Structure formats: structure tokens, C-alpha cells
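In: Structure, please.
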Amino acid sequence: MAREKRILVVNDDGLHGEGLAPLREALAPLGKVTAIVPERERSAASHCLTLHKPLRLKPHGPGLYAINGTPADCARIGVLHLMRSGVDLVVSGINRGHNMGSDVIYSGTVAAASEAAMLGVPAVAVSQGLKGGKGDYRAAAAFAVRVAQRLLKGPKRPVLLNVNVPALPPESVKGWKTVRLGERLYDQNVAVRRDPRGDHYFWMAGRWVRGRDLPGTDISAVRAGYISVTPLALDPTDVAALPKVAAWRF
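Out: I've put the predicted structure just below:
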């Protein structure tokens, strides 16, 4: 008799992230779903691990845990401790807002999936676009199930996917495309303000970004009403630059 599949759900939006419950509910028929998430929102935490303070894991109902750490901590603690008997798949999300192009560098959602892949577990990061500040997570949850079903069948080596769903109701989504990462343009403003004591502090502006509509990219696919699926690599080496740098004389 085949063993029940074990799925770990993580995110960067925390316990109250709007996409957490729809994702857990959608994945439940596929096997045993366990979720471990940050106790508070940790968006843009990137691939940060907590090394200099204790991490405390607290239950918040059946199959749901929170930790005072980062999204990558969630994946690491989930795989190596909470589900150390074996994890078949890690699903990160559903993130509130897209993670396209260079967003993947900053994204805690993608970082959690990347950490899982580094630990040898297939993983997918799922993000949902917003319309008027609100997300409709039905299409993202349904597509997450389809991707999970495929990844649970193999291959053996870890696969890392980044999925972005347009800000549309399910019936309006045209389909899906496998595409490369696009180019995001970030506002470069840093706001300098004064606190009540007269000291300066900084507020990182530029939360909203624009993307270049280049063919074959996640940005182009999502703008056209398609779900984008991008396989990501853990090795960021610029292979083309290797011989050029090797020829330098320092």
C-alpha cells in the first residue's frame, strides 16, 4: 500500500496571510498537509536564516504552526524537524501579490521554496496578483493543486518552480505558459524623514514596481491573462562570464 503523500505549506505573509487557508484547503485531498509560517508578515525577507536568536515553534490548530523566524526558517524547520520522517513536496504561498522578474531576489515566498529545494525537496512558490488591493485566490489554489499533482509524481531531483497568477477570477484566466523571468523596474526613491526628537530615519519607498513587457517572460504572460510558470536554478553562476573573468590579470 502506497504511503500517504506529505506536503509542507509555508509562506511569507504569516498566520493571517489571505492565501494560506485557500491553499491548505485545496491541497488537503492530495495527502497530509502541514503548514509552518512566520508568526508575522515577513515579505521581502529574501533568503534570510535566523542564526543569532532562539526559534520557537507554536501550534495554532491542527496541522498549523507559527515560528518567530523567516520564510526560509519555516522551510528548514519544517523539513528537518517538524516533518523529519519525510516531505514529498513544499508549496510556498499563496503570496499576496506577484513575484516576477527580479522580485525573486527579494521574495520570502520564493526563498522558502528555494530552501526546500536546497534540502532536496521539490518545491513551488505560488503568487497571486491583486486588483484594487484585493486578491482572488481561487485560480491560484486550483493551479497549485495541478502543479502539486505533477511534482508528486517526480522527477527524483528537486524541482523549483515559480508560479504567478494574474489578478483575474478563475473563469477569465486563459491558461498557463512556461516562461523565463522578466525585468522589473523599481522606484529608486528613499524617503528621509524626522522623528519627534528631530533625528533622521529612512523609509524604503518604491514598493510598487513596473515590468517590461518582453515576449517569453513571466511579466508578459501574466499581463496577457496567463499563469506564468518559471523553473528556477539554485546555481546563480554566470557561466558565459567564466572564461572572460578567467582571462583577467589582477
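In: centroid residue for this structure?
Out: residue 109 (2.5 Å; Cα atoms, centre = their mean).
In: any idea which element that one lies in?
Out: According to DSSP states H and E, residue 109 maps onto helix 108-118.
In: following that helix, which helix or strand shows up next?
Out: strand 123-128.
In: Show the subsequent helix or strand relative to the least confident helix or strand in the chain by mean pLDDT.
Out: Sorting the helices and strands of the chain by mean pLDDT, DSSP states H and E puts strand 209-211 at the bottom, at a mean of 71. Tracing the chain past strand 209-211, the next element assigned as helix or strand by DSSP H and E is helix 218-223.
In: Would you mind listing the outside residues contacting that following helix?
Out: Helix 218-223 has contacts (Cβ atoms under 8 Å, 6 or more residues apart in numbering) with 98, 100-101, 129, 162, 164-166, 177, 179-184, 211-214, 227-228, 230. From N, CA and C alone the C-beta is placed, and that goes for glycine too.
In: Helix or strand next in line after it, which one?
Out: Next element after helix 218-223 (DSSP H and E): strand 226-231.
In: For residue 165, which non-adjacent residue is closest in space?
Out: residue 140 (4.2 Å; Cβ to Cβ, 6 or more residues apart in numbering).
In: Next, the angle from the helix or strand in which the one you found is found to strand 123-128.
Out: Using DSSP H and E, residue 140 falls within helix 138-151. Using axes from the mean of the first three to the mean of the last three Cα atoms, to 10 degrees, the inter-axis angle of helix 138-151 relative to strand 123-128 is 170 degrees.
In: what's the distance between helix 138-151 and the middle of its chain?
Out: 14 Å (Cα atoms, centre = their mean, to the nearest Å).
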